[in-house]
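> give me a model of this one.
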Amino acid sequence: MSKLIAIVKDIQSCDNLNIVKFDFFGQTLSMMSLELNQNIKIGTKVNLIVKPTHITIAKNFSGEVSYSNKLNTTIKEIQNGKLLSSITLSIFNTSIESIITVNSSIKMDLKVGDKVIAFIKASELSIGSINND
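Got it, this is the predicted structure:
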């Protein structure tokens, strides 16, 4: 799991659906959730988690997409296996991992140091825990 430390900045609720917005080093991240811990309030520092297989990478991207979360990152490390590539991305001294196919990694000509965009759907981001630091 990739972990991002963020602060809750807005909560919108309708019936059982919650859209929670977070501040991550000045960037807004959004999460969609059917359940929300009652201790999650505006100003709460949290550890957000996302599975590496749920982080999409785009290189030389321009245009609009429906992903709520778009992070400008730098490739820190690439580990190619037989079928999958583990791509370590760096943003604000935080490392996150994306797992994509080796074919995609080769097709995109990914290299350490490349500037790429990491996309995360709001439904794939979740609160792992409240950060008490």
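> geometric centre of this protein: which residue is closest?
Centroid-nearest residue in the chain, with C-alpha atoms, centre = their mean: residue 120, separated by 4.8 Å.
> hey, what's that one bridged with?
residue 69 (DSSP bridges).
> also residue 6?
Note on residue 6: beta-bridge partners residue 46, judged by DSSP bridges.
> which residues touch it?
Contacts for residue 6 (C-beta atoms under 8 Å, 6 or more residues apart in numbering) come out as 22, 23, 24, 29, 45, 46, 48. Where C-beta positions appear, they are placed from N, C-alpha and C, glycine not excepted.
> residue 86: which of the residues you listed is nearest?
residue 48 (19.8 Å; C-beta to C-beta).
> residue 36 contacts residue 17, correct?
No: the pair residue 36 / residue 17 is not scored as a contact, 9.6 Å apart, by C-beta atoms under 8 Å.
> quick one: buried residues of stretch 37-55?
Under the neighbour-count criterion of 16 or more other C-beta atoms under 10 Å, stretch 37-55 has 44, 46, 47, 48, 49, 50, 52, 54, 55 buried.
> so which of these sit within strands?
Among the buried residues of stretch 37-55, the members found in strands (DSSP state E) are 46, 47, 48, 49, 50.
> what's the spacing between the third one and residue 6?
When you say that, I think you mean residue 48. 5 Å (C-beta to C-beta, to the nearest Å).
> of residue 36 and residue 17, who's got more company?
residue 36 (17 against 12; other C-beta atoms under 10 Å).
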